[in-house]
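I need the structure of the sequence given here:
(one chain, ligands or ions: 1)
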Amino acid sequence: MNHRTMKNIFLFLCSLCITISANSQNTVKAPEPFGPLPTQKQMDWQEMEFYAFVHFSLNTFTNKEWGYGDESPALFNPTNLDVRQWARIVKAAGMKGIILVAKHHDGFCLWPSAYTERSVKNSPWKNGKGDLVKELAEACKEYDLKLGLYLSPWDRNRADYGKPEYITYFRNQLKELLTNYGDVFEMWFDGANGGDGYYGGANETRKINTLEYYNWDETYKLIYKTAPKTLVWGVGPSEARWIGNEEGRAGKTNWSLLRQKDELAGKVHYTEFMSGHEDGEKWVPGEADVSIRPGWFYHSVEDDKVRPLDEMVDIYYESIGRNATLLLNLPVDRRGLVHENDEARLKELVATVKADFKTELLSKTKITADNVRGSSETFAGKNAVDGNKNTYWATDDNVKTASITFEFDKPTDINRILLQEYIALGQRVKAFNVEVKVDGNWKTAANETTIGYKRILRIDRVKASALRINITDSKANIVISNIQVYNAPTFVRMPEISRDKNGDVTIKSQDGNPVYYSLDGKNPTKKSTLYKGVFRVKKAVTIKAVAIDAVENISSAVKTAKYGASKENWKIVSASSGDLKSADRVIDGNPDTDWSFGNDQNKLPQEIIIDMGSLLNLNGFTYIPQQVGNNLNLISNYEFYTSTDNINWTLQSEGEFSNIKHNPIEQIKTFKKAKARYIRFVAKSAVAKGSTVSIAELNVIETL
Ligand code: FUL
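Reported below is the predicted structural model:
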């Protein structure tokens, strides 16, 4: 063989090598999809991540959470309604859309429906010429936001509710909403259904079988025919599910899958929605809904009860950070505006989140994955940090455990880890952990389960020279589209304040930081009184406290606790049943302890009488329902009486604790001023079937 021939053979072999390696690149196929998959509509929806809810209707003007159905449309009279203000605030917060409650359970419609007189057309707002859905649709367009709508399946006003005619009415309204206002990104069907109501004057209780009555299959067909781009949420064979609580929190384990067939057969308890079902047969991702205040509708008594920043930040991490979307309610007030306090809190939340995710730290690291699909660049570890949502790190078929390691060029402070699966191919990861290399030693920083579309972990800050993600269990081979790491600024948590029956105040800082407080209503600083131990304040007082990180000199948000006069002289006089020895829990100042009365033998109503020890001027009371436990014993209808002598009683307030089942918050009821020494609280009906009811705390609202 001459030199030339050898060279030719050499060149031939080289080109063969290149071809083989090029082929091996090209022939490494993408992973096969696994299990139930999202539709494009569901993926686009999931990427919206954060959007707003607006509850604004007759309830805003009647100060209720649920209207009975007999309220006059004439009460709907906002003085300064400005949907562009809503849109501006929502847009500035980086939210991607607004879901408006077009009709709540009382049946009042915010658009001039052709099928009812119970709408804005019979309200003084714009002399009956207004159409709020239209106005909001236009504002959303202007601000590049998507519009979603809530149409309550339950209607406490309609005489035909419970009959087939109502279903025709309901579907007609659906058609109106889905055809007259442009694209609707989400249609929201709430699960609350059947119960007492006005029902055209019948004033009775009507129970329906939600799953059968609405014939959801037909209703959904109609929706998809009219508006194929609309994603349907909630009851029926929906494309997204409730997260199982109204606190905006998803489970740490959160599958975007659901055994929806079982659910439609009534076999799934709603608490399972927090985590979905690993073996679910359909892609039904979770949406976490929560109001920025305790209630869904605006109540001026809640102006100082806007959820604290600490809670809002937790909600963010426990919804969007746990593979759910976040639907945050802004209850529009009687002016027709998002309240200043709510806007301010939202801005604080957004600023915190922005600061937390300011600088990504992995993109400059050295990356090694211990398994890369077909050893191909197309599926290498670097694809998880390239900022491209369509590229990913993937492992070989059947490789369900694998590690990816990131080495920093120098030890780096880190405390946030963000992971995303490439969900177009299904949700796979069942378990993973995170290790950090500190001072040359590997240690575990987190042990977790699912990832899904997005998972964000908050870990204690560590100075790591390297980070390793170990996927320890997966349904199929691993497909990770994004991994990011951040060093969020120190977040100092607010202190907890509690006061017992005798007026003894305890303040606890959660991270052992020093606490400073004030009793004069002013915001405390480092110059205020340093908390050194329990102190006593018997009179009505507003306590404000902050924790200050001693090292970094960073302050927490201000914790505010308002108390009436101490309950030192309060005594339980009598109760119609129950263990009286422990009845003191109703007045012990601690919402985490409760007292039960009534049981299956002792039918409701049941009542408790309290002596407050002296004559007080009252104009309201609050009932804190049982807070601790799984099946809470909640009161749904009540009467509240006052007396100066424990003989003659005056009924001051009666009614329902609306929506207490899904949102068991402190219930605040106000009435006209009354002098009283004794109060009598009657539980008329319970949420659960039995007749055991429970009270965590009763308080009175004093007036001058
Ligand atoms: C609940 C309803 O009953 C509430 O009033 C509110 O609309 C909330 C978002 O859903 O179940």
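
how much space separates residue 683 from residue 50?
From residue 683 over to residue 50 the distance is 39 Å, taken as C-beta to C-beta, to the nearest Å. No exception for glycine: its C-beta is placed from N, CA and C like everyone else's.

how far off centre is the helix or strand hosting residue 85?
Here residue 85, judged by DSSP states H and E, is contained in helix 83-92. Its chain's C-alpha centre lies 20 Å from the corresponding centre of helix 83-92 when counted by C-alpha atoms, centre = their mean, to the nearest Å.

cool, stretch 434-441 as well?
35 Å.

neighbouring contacts of it?
411, 414, 417, 442-446, 448, 457, 459, 462-470 (C-beta atoms under 8 Å, 6 or more residues apart in numbering).

buried subset of these?
414, 417, 445, 448, 457, 462, 464, 466-470 (16 or more other C-beta atoms under 10 Å).

ok, now which ones touch residue 306?
Residue 306 makes contact with 292-293, 341-342, 345 under the criterion C-beta under 8 Å, 6+ apart.

quick one: pLDDT of the closest residue to the ligand within the chain?
Using C-beta to the nearest ligand atom, residue 192 is the residue of the chain that sits closest to the ligand, at 3.8 Å. Looking at residue 192, its pLDDT reads 86.

number the residues from 450 up from this point.
With the count now opening at 450, the last piece we talked about shows up as residue 641.

give the helix, strand or coil label for it.
Per DSSP: H, G, I helix; E, B strand; the rest coil, the local secondary structure of residue 641 is coil.

quick one: contacts for it?
515, 554, 601, 603, 1108, 1111 are the contacts of residue 641 under C-beta under 8 Å, 6+ apart.

residue 706 now?
Contact analysis of residue 706 by C-beta under 8 Å, 6+ apart lists 484-485, 725-733, 876.

within the helices and strands, which one has residue 792?
Applying DSSP H and E as the criterion places residue 792 in helix 789-805.

again but with residue 988, I slipped
Using DSSP H and E, no helix or strand contains residue 988.

count of neighbours near it?
Neighbours of residue 988 under the rule other C-beta atoms under 10 Å: 10.

surely residue 1032 and residue 1057 touch.
Yes. Between residue 1032 and residue 1057 there is a contact under C-beta atoms under 8 Å: 6.9 Å.

helix, strand or coil: sort out residue 918 for me.
Counting by three-state DSSP, the backbone at residue 918 sits in strand.

contact residues of the stretch 1000-1149 of the chain facing the ligand?
1108, 1111 (C-beta under 6 Å from any ligand atom).

closest to the centroid, which residue in the chain?
residue 697 (1.5 Å; C-alpha atoms, centre = their mean).

what residues are up against the closest residue to residue 579 other than its chain neighbours?
Once flanking residues are discounted, residue 579 sits nearest to residue 569: 5.1 Å by C-beta to C-beta, 6 or more residues apart in numbering. Residue 569 sits next to 522, 525, 558-561, 575, 577, 579-581 when contact means C-beta under 8 Å, 6+ apart.

filter these to the buried ones?
The neighbour-count test (16+ other C-beta under 10 Å) marks 522, 525, 558-561, 579-581 as buried among those.

for residue 657, state which of those is nearest.
residue 558 (20.7 Å; C-beta to C-beta).

list the contacts of the residue lying closest to the closest one once chain neighbours are set aside.
Residue nearest to residue 558 in three dimensions, not counting chain neighbours: residue 568, with 3.8 Å by C-beta to C-beta, 6+ apart. Residue 568 sits next to 522, 557-562 when contact means C-beta under 8 Å, 6+ apart.

where exactly do the helices run in the chain?
452-476, 489-497, 507-511, 532-541, 581-591, 613-628, 659-662, 665-675, 709-713, 758-768, 789-805 (DSSP state H).

still on that earlier bit, what's the farthest-apart pair in the buried ones among the contacts of residue 569?
Based on C-beta to C-beta, the longest span within those runs between 522 and 580 and measures 14.0 Å.

what's the overlap in contacts for residue 1032 and residue 1057?
1021, 1024, 1046.

tell me the one among these nearest to residue 710.
Among the shared contacts of residue 1032 and residue 1057, and counting by C-beta to C-beta, the member closest to residue 710 is residue 1046, at 40.6 Å.

spell out which residues of the stretch 500-649 of the chain are next to the ligand.
Residues of the stretch 500-649 of the chain lying close to the ligand by C-beta under 6 Å from any ligand atom are 514-515, 639, 641.

wait, doesn't residue 1033 sit right on residue 1021?
Yes. Applying C-beta under 8 Å, one finds residue 1033 in contact with residue 1021, separated by 6.5 Å.

for residue 994, give its distance to residue 883.
From residue 994 to residue 883 the distance is 34 Å (C-beta to C-beta).

compare those two and say which is more crowded by neighbours.
Higher neighbour count among residue 994 and residue 883: residue 994, with 26 against 19, using other C-beta under 10 Å.

who are the contact partners of residue 1141?
Residue 1141 makes contact with 1045-1049, 1082, 1135, according to C-beta under 8 Å, 6+ apart.

how close does it sit to residue 1048?
Counting by C-beta to C-beta, the gap from residue 1141 to residue 1048 is 5 Å.

so which of the contacts of stretch 883-890 are in strands?
860, 863, 866, 891-895, 897, 906, 908, 911-919 (DSSP state E).

in stretch 1008-1017, what counts as buried?
For stretch 1008-1017, using 16+ other C-beta under 10 Å, the buried residues are 1008-1010, 1012, 1014-1016.

swap that for stretch 663-681, sorry
Going by neighbour count (16+ other C-beta under 10 Å), the buried part of stretch 663-681 is 663, 665, 668-669, 672, 676, 679-681.

can you get me the start-to-end distance on it?
One end of stretch 663-681 sits 15 Å from the other (C-alpha to C-alpha, to the nearest Å).

and the furthest pair within the residues of the stretch 500-649 of the chain next to the ligand?
Greatest spacing in these, by C-beta to C-beta: 514 and 639 (12.6 Å).

list the contacts for residue 1007?
943, 972-973, 993-995.

ok, so of those residues, who is nearest residue 844?
Using C-beta to C-beta, the contacts of residue 1007 come closest to residue 844 at residue 943, 43.2 Å.

and residue 625, what is it in contact with?
Residue 625 neighbours (C-beta under 8 Å, 6+ apart): 560, 562-564.

same question for residue 515.
So residue 515 contacts 508, 553-555, 605, 641, 1105, 1107-1108 (C-beta under 8 Å, 6+ apart).

give me the subset of those residues lying in strands.
residue 1105.

what two of the contacts of residue 515 are the furthest from one another?
Farthest pair in those, by C-beta to C-beta: 553 and 1105, 14.6 Å.

of these two, who's got more company?
Neighbours were counted for residue 553 and for residue 1105 using other C-beta under 10 Å; residue 553 has more, 28 against 19.

OK, contacts around the more buried one?
Listed by C-beta under 8 Å, 6+ apart, the contact set of residue 553 reads 504, 506-508, 515-516, 599, 601.

most neighbours of all the residues you listed, which one?
residue 506 (29 neighbours).

which residue packs closest to residue 703, ignoring adjacent ones?
Residue nearest to residue 703 in three dimensions, not counting chain neighbours: residue 772, with 4.3 Å by C-beta to C-beta, 6+ apart.

correct me, but that neighbour touches residue 904?
Yes. In this structure residue 772 lies within contact range of residue 904 using C-beta under 8 Å: 6.0 Å.
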